[in-house]
Structure formats: structure tokens, C-alpha cells
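>>> only geometry, no sequence info:
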């Protein structure tokens, strides 16, 4: 997917209430990584993966719920259990947004599994959260995403062409992937007029990939293998081994093609295509 298409889709999807919140967060995180907005990228990461229990939760993730407690000891028959239903409590929602959206999609209130009460012997409890309170979490995240989008458009980070309605990608300067993206808009850059293999362009690409490798969000094994391939390509460039370089560039290109929603991966694929043409 091209950069322009990704941003166009994000702008369009963020205006639709039917777009899953998790999908919007994934798209916004990718773009935030590209423009080096670390704060918003971290926000997206936490919402997607859930918050740690030692982290301070945002207010909208601390919801009003109820705690039902009842005696389940040996002295009272099953049909005569004493219930204390509807005790108001504040319930922290640490879960990834997909878990919350799954409950919302069910159309039912959240009711936790019954468990033994930790404080009172022979008592059991469960928590209940009304459906509309979970929907508020989704709505607040959508609001934050749209506020961020509007802010970036206002700052001129990206905007829509008023005549064609297509995204205009502005020059960000010193950001993650900026050199890769710039090369996509200037296909003639560093291409030799004599059509010889451009080892300098390969060297430049290697440095750009190394600088932005974290943005590719690879597994540990994939990242280690990619770094090893890049080191090997460096050696081949020194030896002017065009065949070896081409082989490894094809391998890296295949890796990036399997990475969805990454602007950096899209830029790498474009540069490799220019080198190999």
C-alpha cells in the first residue's frame, strides 16, 4: 500500500463510526511512528496492547460498575443465599481495546466470572459493567484519534487536496523514514546515467533501514536476521558483488511486502525496486 493511500484510508476511516477502533489505532500508530510523534504512538500502543496494572489509567478507563456479593457457606441452603447486589464500585479496565470491543459487539453488559471473595470467607462475588459504559471507552478513543488527526492537518503534516480530494504528503524534515519517503517522490535521485548498478544507493538504503528498523515492528528473530543481511550487504558493496547484493535485496523486499500498514516498509520496497530495475 502506498503512503498516500494509507493516509487517505486513515482520514476516511476515522470519519466512519463503523470502523473498528483497533483498526484506527493501528493506522494512527503507523503514521505517528512515521512523523516521530512518540507520545501518540505510545498512546496507540497502550490502547492496542492494554495497560500494565502498575500504570496510571486514563479517567475514561476507570468505569462505574457494580459488585455483587453473596454468602455461599455450608449453613444456608442453595435456594436461600443472601445477596448484596449492586454495590457501586470503580472498575479499572486494563484490557486491550479489542477485548472491550468484543464485549460491546455482543450487545450485553459485562459480567465477570464468579470468584471467591478474597476478604470474606464463604462469600463469592462478581463484577458487572453496563454496556453503555464500555461503549464510552470506545467513543473516547475515537474522539482522541480524531482530535489528533485534526491537529496534524492543522499543523500541515498531511492534508487533502481541495480539488482532487487526495492526500498531500508534506515534507516533515528529520523524522523516522523521512529519507526513505523522500526517495519515493524523487525517482531520479542517485541513479547513474550510464545505468550501471548503483552501489552508493545501496549503501544509503542500508543506513536508512538501520535507522528505522524499530518502526518495522519485526519479531526478535526477524530483526536479527535482517541486521545480519544488512551487514553482509555492506561487505558485498565493498567487494562490488552485484549478484550477491541483488539476491539479499530481493530477500529484504519479500520481508517488507509481508509487513502490512507500515509506511517505512513501503518506502523500503520502493527504493529496492529502483535499485533493482
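Yep, that arrived. Just so it is clear, the structure is predicted and the values come from calculations on it, not from any experiment.

>>> gap between the two ends of stretch 119-133?
From its first residue to its last, stretch 119-133 covers 27 Å (CA to CA, to the nearest Å).

>>> Show me what it is in contact with.
By CB atoms under 8 Å, 6 or more residues apart in numbering, the surrounding residues in contact with stretch 119-133 are 63-74, 89, 91, 93, 103-104, 107-117. In this view, the C-beta of every residue, glycine as well, is placed from N, C-alpha and C.

>>> change it to 7 Å
63-73, 91, 104, 107-112, 114-117 (CB atoms under 7 Å, 6 or more residues apart in numbering).

>>> In contact with residue 242: list those residues for me.
residue 197.

>>> Show the model's pLDDT score for it.
Note on residue 242: pLDDT of 91.

>>> same deal with residue 73?
Note on residue 73: pLDDT of 66.

>>> Over to residue 134?
94.

>>> what do you get for residue 252?
Reported pLDDT for residue 252: 91.

>>> what about it, distance to residue 208?
Residue 252 is 12 Å from residue 208, where distance means CB to CB, to the nearest Å.

>>> can you check residue 27 too?
According to CB to CB, residue 27 and residue 208 sit 23 Å apart.

>>> now do residue 70
62 Å.

>>> Could I get the buried residue list for the helix or strand that contains residue 255?
According to DSSP states H and E, residue 255 maps onto helix 242-257. For helix 242-257, burial by neighbour count (16 or more other CB atoms under 10 Å) applies to 245-246, 248-249, 252-253, 255-256.

>>> Now render the residues you listed as TSV, adding distance to residue 203.
Formatted as TSV, these follow (distance: CB to CB, whole Å):
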residue	distance to residue 203
245	10
246	15
248	13
249	12
252	14
253	17
255	19
256	18
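
>>> any low-confidence regions in the protein?
Low-confidence segments of the chain (pLDDT under 70): 1-4, 73-85, 158-195, 260-263.

>>> which stretches of the stretch 51-200 of the chain form strands?
Applying DSSP state E, counting those that start in this stretch to the stretch 51-200 of the chain gives strands spanning 62-71, 83-92, 110-111, 115-116, 123-129, 158-160, 167-169.

>>> contacts for stretch 135-151?
Here stretch 135-151 has contacts from 11, 14, 21, 24, 28, 40, 47, 60-61, 93, 97, 100-101, 104, using CB under 7 Å, 6+ apart.
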